[in-house]
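# 3D model of this:
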Amino acid sequence: MRVLIKHRIEYVALRALSGLFCVLPYRVALAVGAGLAWIAFYILRFRVEEAMRRIQLVLGPECSGRQARRIAWISLRNLFFNGVEILRFPVMHRKWVETYVDIQCWGFIRERSAGQTGAILAVPHMGNWDLAGVGVSLLGVPIFFMARRQKNPLTDAYLNRLRGVTGVETVLTDDSGALRKAVRNLKVGKVWALLPDVRARETGIEVGFLGGMAALATGMDAFARRAHVPIVPACAYRYGWTKHRWVTFDPVLPDHSVDKETDQRRIMEEVMTRFDAQIRSHPEQYFWYNKRWILDPLDPPVGKK
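From the prediction side, this is the model:
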């Protein structure tokens, strides 16, 4: 991929921010992030109106404009906090996780890994979702992500290296043999952490979610059946600025006694129903700013409108 001048500028800026946040005390680094979030929310108005529209659409008329604004503000601030924490990965270690993250719920994942049988960890865009992989990885559980290659090859490689220093493996979806590698990883006891609450680009499974029909990309359902592993839904919550808590739910198991399409739809519906309830209960924890909103219609096929 061609490296442009803007790519180099973005890369240098990202490295500089990471260096700054790594030397600053944790709370001070978060304070910088909060200041940047304030500018984005109150000065630049970064997708604020759209986020508020989505919030009120999902929560209904009982959610006032003032409540929607508060939810939108905390959601955006948390996004900046997440960015700070990602750039601090080089100085993140097991002791940090044990200090700031409630890890009592990870027994099932640890047991699966110890028994050399993998699992799929399904996490929505709540709290600091990246800690689902990084936190568990720092506790000794082999975690891998699958990710699309970003437009900037320099920042893409750098962010993957940041995750790598915590022990997380990143499998790029456009690499040759990526799908086979994912199945192989699951079969040898690794845990695949993924974000299923993303709108499919062209084809997918439609399931009820947040009061509408969400077209979701197939993936975790098919891989669970192929690798014979469970899906563990989990949600992250940020309390205040620095405390994180994870909640895991009962595993969703593939059922090979029914046909593939029926089972895949059941899996997606069970996972997304759990997420729906948590988002409605803790809407400020959810990321409402995604450019590709989960309830938007599918993209038209290439060449068609």
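
# can you give me the helices for this protein?
Under the criterion DSSP state H, helices of the chain are mapped to 5-23, 26-38, 48-59, 65-87, 94-100, 107-114, 131-138, 153-164, 178-187, 220-227, 260-281.

# What about residue 158, how many residues nearby?
Other residues lying near residue 158 total 16 when counted by other Cβ atoms under 10 Å. C-beta here means a position set from N, CA and C on the backbone, and glycine is covered the same way.

# let me fix that: residue 73
Residue 73, neighbours per other Cβ under 10 Å, totals 18.

# Apart from its neighbours in sequence, what residue is nearest it?
Counting by Cβ to Cβ, 6 or more residues apart in numbering, residue 41 is the residue found nearest to residue 73 once chain neighbours are left out, at 5.6 Å.

# Need the per-residue pLDDT for that neighbour.
Confidence at residue 41, expressed as pLDDT, is 97.

# ok, now which ones touch it?
48, 72-73, 76-77 (Cβ atoms under 8 Å, 6 or more residues apart in numbering).

# Also residue 207?
213-214, 216, 265, 268-269, 272.

# Any idea what it is bridged to?
Per DSSP bridges, the residues bridged to residue 207 are residue 214.

# distance of it from residue 197?
Separation of residue 207 from residue 197 (Cβ to Cβ, to the nearest Å): 11 Å.

# just residue 127 next, same as before
13 Å.

# Could I have the PyMOL command that selects the buried members from the contacts of residue 207?
Typed into PyMOL, the line below selects the buried ones among the contacts of residue 207, using 16 or more other Cβ atoms under 10 Å:
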select buried, resi 214+216+268+269+272
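
# export the contacts of residue 207 to JSON lines and tack on distance to residue 19 and pLDDT?
Output for the contacts of residue 207, formatted as JSON lines (distance: Cβ to Cβ, whole Å; pLDDT from 0 to 100):
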{"residue": "213", "distance to residue 19": "45", "pLDDT": "92"}
{"residue": "214", "distance to residue 19": "39", "pLDDT": "92"}
{"residue": "216", "distance to residue 19": "38", "pLDDT": "88"}
{"residue": "265", "distance to residue 19": "47", "pLDDT": "90"}
{"residue": "268", "distance to residue 19": "41", "pLDDT": "92"}
{"residue": "269", "distance to residue 19": "45", "pLDDT": "94"}
{"residue": "272", "distance to residue 19": "39", "pLDDT": "95"}
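
# In TSV, list the contacts of residue 207 along with distance to residue 33.
As requested, those are arranged in TSV below (distance: Cβ to Cβ, whole Å):
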residue	distance to residue 33
213	35
214	30
216	30
265	39
268	33
269	36
272	30
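
# what's the burial count for residue 118?
Neighbours of residue 118 using other Cβ under 10 Å come to 28.

# which residues touch it?
Per Cβ under 8 Å, 6+ apart, neighbours of residue 118: 112, 185-192, 227, 229.

# Excluding sequence neighbours, find me the nearest residue to it.
residue 186 (3.8 Å).

# Quick check: that neighbour vs residue 260, distance?
Note on residue 186: its distance to residue 260, by Cβ to Cβ, is 17 Å.

# can you check residue 266 too?
Between residue 266 and residue 260 the computed distance is 11 Å (Cβ to Cβ).

# Looking at the two, which one has more neighbours?
residue 266 (16 against 13).

# Let me know whether that one touches residue 255 as I believe.
Yes - judged on Cβ atoms under 8 Å, residue 266 makes contact with residue 255 at a distance of 7.3 Å.

# returning to what we had before: please dump the contacts of residue 118 into TSV; it should also carry distance to residue 8, neighbour count and pLDDT for every row.
Converted to TSV, the contacts of residue 118 look like this (distance: Cβ to Cβ, whole Å; neighbours: other Cβ atoms under 10 Å; pLDDT from 0 to 100):
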residue	distance to residue 8	neighbour count	pLDDT
112	42	21	61
185	33	21	90
186	37	22	89
187	40	15	87
188	38	12	87
189	40	17	86
190	34	21	89
191	35	24	89
192	33	27	90
227	40	20	88
229	41	25	91
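
# Pick the one among those residues closest to residue 176.
residue 185 (15.7 Å; Cβ to Cβ).

# so where's the stretch 101-250 of the chain shaky on pLDDT?
Applying pLDDT under 70 to the stretch 101-250 of the chain flags residues 104-116.

# which residues touch the residue nearest to residue 38 when sequence neighbours are not counted?
Leaving aside its sequence neighbours, residue 38 sits nearest to residue 77 (Cβ to Cβ, 6+ apart; 7.9 Å). By Cβ under 8 Å, 6+ apart, residue 77 lies in contact with 33-34, 37-38, 41.
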